[in-house]
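Novice: predicted coordinates and the sequence they were generated for:
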Amino acid sequence: MERFVRFIHVAPLLLLLWLPFAFAGHDYGQALSKSILFFEAQRSGYLPRNQRVTWRADSGLHDGKTSGVDLVGGYYDAGDNVKFGLPMAFTVTMMSWSIIEYGRQMAASGELGHAMEAVKWGTDYFIKAHPQPDVLYGEVGDGNTDHYCWQRPEDMTTDRRAYRIDPSNPGSDLAGETAAAMAAASLVFRHTNPAYANELLRHAQQLFDFADKYRGKYDSSITVAQKYYRSVSGYNDELLWAAAWLYQATNNQYYLHYLGNNGDSMGGTGWAMNEFGWDVKYAGVQTLVAKFLMQGKAGHYAPVFERFQQKAEYFMCSCLGKGSRNAQKTPGGLIFRQRWNNMQFVTSASFLATVYSDYLSSSGRYLKCSSGNVAPSQLLSFAKSQVDYILGDNPRATSYMVGYGNNYPRQVHHRASSIVSIKVNPSFIGCRQGYATWYSKKASDPNLLTGATVGGPDAYDNFADERDNYEQTEPATYNNAPLLGILARLSGGHSGYNQLLPVALPVPKVVVTQPKAAPKPKITIPPASSSAGPVSIVHKLTTSWVSGGKTYYRYSAVVTNKSGKTLKNLNLSISKLYGPLWGLTKSGNSYFFPSWISSLPAGKSFEIVYIHSASPANFWVTNYSLA
């Protein structure tokens, strides 16, 4: 994300010269597929075998090493190579919310599996970034040094220092948003991967407790984030946001009480908003709490929740232009909040309008605006108008989604897409060499950043497709995340919706696979097999006997290196182990190779044996390396 001040001089486009709008209709299913694909271009770490953006390669493979923690993985936020925790967590929350509401529509278009993979790429990283209940790593890399360089992520020579929050250096907004992301994601995986969903919930609950107990703004602790992702709204909105998602994920009354008891004092019922994004969550909280109210879950907090709902409807009316303080729009009808990456506010607001339209329709209610009652369909029509603008129905007839339509940005402000792929030219590209050779090149990007939604036009619908015009041509993950839900909704037709009823997601058509360095979900059912990247662990019950009236079981767990390289530095964690174990070396709470081997060649295995009077223990891989 670039934030250096720069003025752009673009000749105003007279209304009389508007190009004809492309009202022939859009292929929302195709736009959805492309939007999800963009997240694969933003991946950091070891890329999986099913990686579809083939011009990218592994990067950031030593992230966290100097801090003694594995922080390989996650997402680059925009056109740079920094991993900023706050926008990354918001991205995962919004992708998860999109799937929770419209996963069936994604499944019908064959994209649910890809969307779930995109979420899991983020949550796998968050698990690593949260190694202790009160510790969370919130940034890898430094925006200042990163912006000095124009390099492919595969060539990075910039500082990859890791920055964290803890009780002495709190960050309630960062911890709260990450808790929200993991709670929302737990709903995504509840039926297809319950062990993983439970792991996410455990982290979410710990992070919420950490955020609430040790209060403070994260950018006061991680000061290098201030220039790029300053928490202007503070942390009260994230605490309410996290509580709302934890309530939805757990149905635990503690979180309902938290919303009811703190809604007034923390601003949930007081802030009337006309924006929603990675910093300001109030409109999102108000929309979720309004949903709980319409579901009949408010109980004796109904008066408080009604005040939340009033503010949610203030936001919706503002978007429609039917409120007391309406959102600004361009002459072409696009919501306009600011000239730097305005599109982030467009997609987020459109998503809230979409889900709220369906909440109202499901409850048989109208939207109450100062101008009078408004039909829910008008909210969906508004969201559709914003998406159609993005896809090309605008005065310039320009698609602001790269790769969609015929007229889209070709000089995207994005390091990886603007420099020749390392697979095409493996020669190292230095820090300043990238600026001299590639950044200043007045030509289309060598790599198509398919699905990326760029910053978009100015207040007068003007747009300059120039790489140095970062305010307009830089994409971001949090631009795309809310789009997933809207596009799925628009592609799915207009019948059969009741968003107030719980819906189990169908099994995705695309199998969710693990990245090479991802932790392994826990094994709970014998015989079972699982893998974390190249490491496979297969459990088997070998025998059982009765002694003293109690049944004992002997289990075998075979660990296999499925990669083509030598496996080293294997680190396992084990829970629910109640008896003796042979075949591993224990140190603290971690387990390592047995004393007689220090590595495992390609294709080879070794066996672990343990005995106890219970079902199999849970094994998962927490670290390894390949050589």
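Specialist: It's in.

Novice: show me what secondary structure element comes after the helix or strand hosting residue 123.
Specialist: Residue 123 is part of helix 112-129, with elements assigned from DSSP states H and E. Where DSSP H and E defines the elements, the next helix or strand beyond helix 112-129 is strand 136-140.

Novice: please write out the alpha-carbon positions of that next one in CSV.
Specialist: The C-alpha trace of strand 136-140 is given here as CSV (Å, rounded to 0.1, in the frame of the first residue of the first chain):
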residue,chain,number,x,y,z
LEU,A,136,0.2,-11.9,18.3
TYR,A,137,2.6,-11.0,15.5
GLY,A,138,0.9,-8.2,13.6
GLU,A,139,3.4,-7.3,10.8
VAL,A,140,6.3,-8.8,8.9
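
Novice: just give me the residue right at the centre of the chain.
Specialist: Nearest to the centroid of the C-alpha atoms of the chain, with distances taken as C-alpha atoms, centre = their mean, sits residue 92, at 1.8 Å.

Novice: which residues does it contact?
Specialist: 119, 122, 123, 126, 181, 182, 184, 185, 481 (C-beta atoms under 8 Å, 6 or more residues apart in numbering). In this view, the C-beta of every residue, glycine as well, is placed from N, C-alpha and C.

Novice: now do residue 355
Specialist: Neighbour list for residue 355: 97, 101, 287, 291, 485, 499 [criterion: C-beta under 8 Å, 6+ apart].

Novice: dihedrals phi and psi, it?
Specialist: phi -70, psi -40 (degrees, to the nearest 10).

Novice: can you pull the pLDDT of it?
Specialist: With respect to pLDDT, residue 355 has a value of 97.

Novice: check which helix or strand covers the nearest residue to residue 506 once chain neighbours are set aside.
Specialist: Excluding the flanking residues, the one nearest residue 506 by C-beta to C-beta, 6 or more residues apart in numbering is residue 107, at 4.6 Å. Residue 107 belongs to helix 85-108 when elements are defined using DSSP H and E.

Novice: for the stretch 451-600 of the chain, what spans make up the strands?
Specialist: For the stretch 451-600 of the chain, the strands defined by DSSP state E, counting those that start in this stretch cover 528-532, 535-547, 550-561, 567-575, 581-582, 585-587, 590-592, 599-600.

Novice: mind checking the pLDDT average for stretch 303-320?
Specialist: Computed over stretch 303-320, the mean pLDDT rounds to 98.

Novice: next: stretch 27-34.
Specialist: For stretch 27-34, mean pLDDT rounds to 98.

Novice: go through that stretch and flag the buried ones.
Specialist: Neighbour counts over stretch 27-34 (16 or more other C-beta atoms under 10 Å) mark 28, 29, 30, 31, 32, 33, 34 as buried.

Novice: just those: which are in helices?
Specialist: Judged by DSSP state H, helices contain the following of the buried residues of stretch 27-34: 28, 29, 30, 31, 32, 33, 34.

Novice: distance to residue 328 added to those, as a markdown table?
Specialist: Below are those laid out as a markdown table (distance: C-beta to C-beta, whole Å):
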| residue | distance to residue 328 |
| --- | --- |
| 28 | 26 |
| 29 | 31 |
| 30 | 30 |
| 31 | 25 |
| 32 | 28 |
| 33 | 32 |
| 34 | 28 |
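
Novice: if you count contacts, what does the helix or strand hosting residue 246 end up packed against?
Specialist: Element membership for residue 246 (DSSP H and E) is helix 236-250. Other helices and strands packing on helix 236-250, by 3 or more C-beta pairs under 8 Å, 6 or more residues apart in numbering; DSSP states H and E, are helix 172-188, helix 194-213, helix 253-262, helix 282-294.

Novice: 10 Å instead?
Specialist: Applying 3 or more C-beta pairs under 10 Å, 6 or more residues apart in numbering; DSSP states H and E, one finds that helix 236-250 contacts helix 85-108, helix 172-188, helix 194-213, helix 253-262, helix 282-294.

Novice: residue 609: which of these is closest?
Specialist: helix 194-213 (22.6 Å; C-beta to C-beta).

Novice: list the buried residues of the closest one.
Specialist: 195-201, 203-208, 210-212.

Novice: do stretch 439-453 as well
Specialist: Going by 16+ other C-beta under 10 Å, stretch 439-453 has these buried residues: 439, 445, 447, 448, 449, 450, 451, 452, 453.

Novice: reformat those as CSV; add pLDDT and distance to residue 147.
Specialist: Output for the buried residues of stretch 439-453, formatted as CSV (pLDDT from 0 to 100; distance: C-beta to C-beta, whole Å):
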residue, pLDDT, distance to residue 147
439, 97, 11
445, 98, 19
447, 98, 20
448, 98, 24
449, 98, 19
450, 98, 25
451, 98, 24
452, 98, 19
453, 98, 21
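
Novice: among the helices and strands of the chain, which has the poorest mean pLDDT?
Specialist: When the helices and strands of the chain are scored by mean pLDDT, DSSP states H and E, strand 528-532 comes last with a mean of 46.

Novice: may I ask which helix or strand encompasses the closest residue to residue 583 other than its chain neighbours?
Specialist: Spatially, and ignoring its direct neighbours in sequence, residue 583 is nearest to residue 608 (4.0 Å; C-beta to C-beta, 6+ apart). Here residue 608, judged by DSSP H and E, is contained in strand 605-612.

Novice: ok, which pair from the buried residues of stretch 439-453 is furthest apart?
Specialist: Longest distance between any two of those is 22.3 Å, between 439 and 451; criterion C-beta to C-beta.

Novice: which one of the helices and strands packed on helix 236-250 is the most hemmed in?
Specialist: Using mean count of other C-beta atoms under 10 Å, the stretch among the helices and strands packed on helix 236-250 with the greatest mean number of neighbours is helix 172-188 (a mean of 31).

Novice: so where is this structure shaky, pLDDT-wise?
Specialist: Counting by pLDDT under 70, the chain has low-confidence residues at 1-24, 494-496, 509-533, 548-549, 588-589.

Novice: circling back: just the buried residues of stretch 439-453 now: which is nearest residue 77?
Specialist: Proximity of the buried residues of stretch 439-453 to residue 77 (C-beta to C-beta) peaks at residue 452, which lies at 12.3 Å.

Novice: contact partners for the closest residue in space to the closest one that isn't next to it in sequence?
Specialist: Of all residues not flanking residue 452 in the chain, residue 475 sits nearest, at 3.6 Å (C-beta to C-beta, 6+ apart). Contacts for residue 475 were tallied using C-beta atoms under 10 Å, 6 or more residues apart in numbering; they are 1, 38, 41-42, 77-79, 341, 343-344, 400-402, 409, 412-414, 417, 449, 451-455.

Novice: in helices, which of the residues you listed fall?
Specialist: Using DSSP H, these in helices are 38, 41, 343, 344, 417.

Novice: and stretch 243-255, how far from the chain's centre?
Specialist: On the basis of C-alpha atoms, centre = their mean, to the nearest Å, stretch 243-255 sits 20 Å off its chain's mean C-alpha point.

Novice: stretch 417-429 too?
Specialist: Its chain's C-alpha centre and that of stretch 417-429 lie 27 Å apart, by C-alpha atoms, centre = their mean.

Novice: which other residues reach it?
Specialist: By C-beta under 10 Å, 6+ apart, the residues outside stretch 417-429 that reach it are 41, 53-59, 79, 149-155, 157, 402, 411-412, 415-416, 433-434, 437-439, 441, 443-450, 452, 467, 475.
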